[in-house]
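[1] dropping a prediction and its sequence here:
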Amino acid sequence: MKPQDENKEGIGGMINPRRYGIERVAYLLMRLSGLGLLAYFIGHIYETSSILKGQVGWNEFLDLTQTNEGHALLAIVIAMCVFHTVNGIRVMLGHGGVGVGKPSRPDYPYDPASQNMKHKIGIYSAIVLAAIAMMYGLAVMYGE
Amino acid sequence: MTQVPSIAEEKPTTSLSSPKTATLRIARFNPEKDSERKFMEFNIPYQRWTTVLEAILEVKKHFDHSVAVRYSCRQATCGSCGMIINGKPRLACFTKISELESDVVTVEPMNNFPIIRDLAVRFERLFESHHKIKPYLINDDSEISSNEKEFLQTPEEVEQYIQFSNCIKCGLCNSACPTMATDSSFVGPQALAQAYRYVADSRDKGKDSRLKIIDESHGIWRCHFAGSCSQVCPKGVDPAMGIQFLRGYLLGFRS
Amino acid sequence: MRESTIMKIHYGTALGAVALVAVHILMRLTQSFAESLEYTNVIANYQFLPYAGMLEIILILLSIHGFNGLRVILLELKQGPRYEKAVSYGCVAAMMGLIAYGSRTIIMVNMGML
């Protein structure tokens, strides 16, 4: 069957965060931060291996990261790390059935119990904590 | 004694304002002939209570009878008329034009379902997945041979699954699911919610066999709790809740 | 391996990594950030066996978690037996390669092989 015939929404539909509320935004950010952190982790392993080249090699590589661009990149990594952690714990709890409501006879207008305030607050907390950690990280990197 | 007015004298309780007009944009696509989807526009008069399905049927009756649409009960019971209405999966018979708050109503076939023609899509994959999770009670004890002659349940036991038995298999949840947008092998929120419906039923003994079926690389673990399925369900089934409970069994949170 | 076992490992490695990465980051804050990255301080960190052991565990936990996450995303993007096998084996190979490369740095610096 051709992709067009399958009528799948594709990557555009998967990453579109506009239609289904903050939960879908969290889904997208979780994916992006996960991929970003994996890329950083690989880069970090490569970066730290420069220590095997001795003090000169280490300092050369360190100079590359001790720039405004390097600090900005690290600040984004900190934000991704905090969001991925906090939202990951929320999702993990949800996956175990924690905080997703109780089954009951549904009444119109059928507000889904699993999409409750606990999880929304969890998502907003993850975003706010990521922003705070990013600012704190910048303050530390610039030695304030 | 007050006199009851005859029917002829009765005044309408709601004023019948002159109908407004909406532009109905219908996606047209025949996979056997067309290379791409096109939209046809129709101006349709509507009242406060006019549903999108009624507007589509108006088009079929007065403008173009070739528009392909599947429908039956017109009361959100048969699950036939699911489609994308102004960007979101909804039942056409359960969506009033007035509640869309737009004078332009765009209707498209449901995403993640192969198109038959225009707004009608194939349900084979949904039914296959549904069938795969064994959507029936598995219990070797026969009601006929049992002394009690029936399996009694407390109201609390019924509450555990009754919400999930409201599923009308309309496919809106599968259409909204971000995993289904790219993964055509994923079992999908509809089937997973139905797996929970039977696992949670105190009369059922098929939990282990169902958990085995969904514990594979395109099974329950491809759900990431985005919850879009629950947001679009027209019957309040809340598939996301059922899926997380089901996963709770696999993670050892529930027994 | 059953998918539930893989995902239990995924969650376990996440929780383990969160705790250990927090310690790793806190070590950068025991002195000024720039100072903590000076060559002699970093060498001292690597040569302190418990810390080197912790780095090795972080390396293993994050490699497993990261590449399994990538595997999940790739499996959802495209389907097909050959593609899925390639993704699974590719991710395992990349994970092992990264662990080997990272371990080489940790072991060599820890043993003073500079």
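    Happy to help now that I have it.
[2] hey, let's count contacts and neighbours off CA atoms from now on
    Will do.
[3] and residue 110, how many neighbours?
    Let's take chain A. 17 (other CA atoms under 10 Å in any protein chain shown).
[4] actually, chain C is the one I wanted.
    So residue C:110, with other CA under 10 Å, has 20 neighbours.
[5] nearest residue to it other than its sequence neighbours?
    Leaving aside its chain neighbours, residue C:110 sits nearest to residue C:47 (4.4 Å; criterion: CA to CA, 6 or more residues apart in numbering or on different chains).
[6] from chain B, how far out is the one you found?
    Residue C:47 sits 39 Å away from chain B, going by CA to the nearest CA, to the nearest Å.
[7] likewise residue C:100?
    Counting by CA to the nearest CA, the gap from residue C:100 to chain B is 27 Å.
[8] name the residues of the strand or helix carrying that residue that come out as buried.
    Assigned by DSSP states H and E, residue C:100 belongs to helix C:81-110. Within helix C:81-110, the residues that count as buried by 16 or more other CA atoms under 10 Å in any protein chain shown are C:84, C:87-88, C:91-92, C:95-96, C:98-99, C:102-103, C:105-110.
[9] residue B:236: what secondary structure?
    coil (DSSP: H, G, I helix; E, B strand; the rest coil).
[10] hmm, stretch C:49-68 touching chain A?
    Yes. Stretch C:49-68 is in contact with chain A by CA under 8 Å from any CA of the partner chain, via C:66, C:67.
[11] distance between that stretch and the chain's centre?
    Between the centre of stretch C:49-68 and the centre of its chain there are 4 Å (CA atoms, centre = their mean, to the nearest Å).
[12] before we move on, what about stretch B:161-171?
    The answer for stretch B:161-171 is 8 Å, by CA atoms, centre = their mean.
[13] got the end-to-end distance for it?
    Using CA to CA, to the nearest Å, the end-to-end distance of stretch B:161-171 comes out at 19 Å.
[14] and the strands in chain C?
    Counting by DSSP state E, chain C has no strands to list.
[15] give me the residue at the spatial middle of it.
    Central residue of chain C (CA atoms, centre = their mean): residue C:59, 2.5 Å from the mean position.
[16] mind jotting down where the strands sit in the chain?
    Just so you know, I chose chain A. Counting by DSSP E, chain A contains no strands.
[17] sorry, should have said chain B
    B:20-28, B:38-46, B:82-85, B:88-91, B:104-108, B:115-117, B:120-121.
[18] any chance of these in CSV, with mean pLDDT too?
    Formatted as CSV, the strands of chain B follow (pLDDT from 0 to 100):
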stretch, mean pLDDT
strand B:20-28, 96
strand B:38-46, 96
strand B:82-85, 98
strand B:88-91, 97
strand B:104-108, 98
strand B:115-117, 96
strand B:120-121, 97
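[19] and these: which comes nearest residue C:9?
    Closest to residue C:9 of the strands of chain B is strand B:88-91 (CA to CA; 35.4 Å).
[20] what helices and strands are in contact with that closest one?
    When contacts are defined as 3 or more CA pairs under 8 Å, 6 or more residues apart in numbering or on different chains; DSSP states H and E, strand B:88-91 packs onto strand B:82-85, helix B:172-176, helix B:228-232.
[21] got JSON lines for these, with distance to chain A and mean neighbour count too?
    Below are the helices and strands packed on strand B:88-91 laid out as JSON lines (distance: least, CA to the nearest CA, whole Å; neighbours: other CA atoms under 10 Å in any protein chain shown):
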{"stretch": "strand B:82-85", "distance to chain A": "12", "mean neighbour count": "25"}
{"stretch": "helix B:172-176", "distance to chain A": "9", "mean neighbour count": "29"}
{"stretch": "helix B:228-232", "distance to chain A": "6", "mean neighbour count": "26"}
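[22] closest to residue A:41 out of the ones you listed?
    helix B:228-232 (31.1 Å).
[23] coming back round to it: what sits against the residue nearest to the centre of chain C?
    The neighbourhood of residue C:59, defined by CA atoms under 8 Å, 6 or more residues apart in numbering or on different chains, consists of C:99, C:102, C:103.
[24] so which bits of chain C are right by chain A?
    Counting by CA under 8 Å from any CA, chain C sits next to chain A at C:11, C:18, C:32-34, C:39, C:66-67, C:69-70, C:77, C:98, C:101-102, C:105, C:108-109, C:114.
[25] where does chain A come near chain B, residue by residue?
    With the criterion set to CA under 8 Å from any CA, chain A comes near chain B through A:5-11, A:13-15, A:19-20, A:23-24, A:26-27, A:91, A:94-97, A:100-101, A:103-115.
[26] contact partners for the residue nearest to residue A:9 when sequence neighbours are not counted?
    Using CA to CA, 6+ apart and skipping residues adjacent in sequence, the residue nearest residue A:9 is residue B:181, 4.6 Å away. Residues near residue B:181 by CA under 8 Å, 6+ apart: A:8, A:9, A:10, A:11, A:13, A:14, B:111, B:112, B:175.
[27] one more: residue A:96?
    By CA under 8 Å, 6+ apart, the neighbours of residue A:96 are B:244, B:245, B:247, B:248, B:249, B:251, B:253.
[28] now do 6 Å
    Neighbour list for residue A:96: B:248, B:253 [criterion: CA atoms under 6 Å, 6 or more residues apart in numbering or on different chains].
[29] tell me the spacing between the residue nearest to residue A:9 and residue B:188.
    Residue B:181 is 10 Å from residue B:188, by CA to CA.
[30] ranges for the helices of chain A?
    Taking DSSP state H as the test, the helices found in chain A are A:3-6, A:10-15, A:22-48, A:54-65, A:68-95, A:117-141.
[31] please read the previous query as pertaining to the stretch 1-150 of chain B.
    All helices of the stretch 1-150 of chain B, identified by DSSP state H, counting those that start in this stretch, fall at B:52-62, B:124-132.
[32] ok, chain C next?
    Under DSSP H, chain C gives helices at C:3-28, C:33-36, C:39-47, C:49-77, C:81-110.
[33] out of the ones you listed, flag the one nearest residue B:61.
    helix C:49-77 (41.7 Å).
[34] I'd like to know if stretch B:22-41 reaches chain A anywhere along the stretch.
    No. Using CA under 6 Å from any CA of the partner chain, stretch B:22-41 stays clear of chain A, coming no nearer than 6.6 Å.
[35] and the contacts of that stretch?
    For stretch B:22-41, the external contacting residues (CA under 6 Å, 6+ apart) are B:42, B:43, B:44, B:103, B:104, B:105, B:106, B:107, B:108, B:117, B:118.
[36] ok, now stretch C:92-102?
    Counting by CA under 6 Å, 6+ apart, A:45, C:63 sit against stretch C:92-102.
[37] got any ranges where chain A has weak pLDDT?
    A:1-5, A:144 (pLDDT under 70).
[38] near chain C, which residues of it are found?
    So chain A meets chain C at A:38, A:45, A:49, A:52, A:55 (CA under 6 Å from any CA).
[39] where's the residue of chain C most remote from its centre relative to chain A, distance?
    Within chain C, the residue lying farthest from the chain centre (CA atoms, centre = their mean) is residue C:80, at 29.0 Å. Applying CA to the nearest CA, the value for residue C:80 to chain A is 13 Å.
[40] any residues of the stretch 1-150 of chain B in contact with chain A? List them.
    Neighbours of chain A within the stretch 1-150 of chain B, by CA under 6 Å from any CA: B:111, B:112, B:113, B:114.
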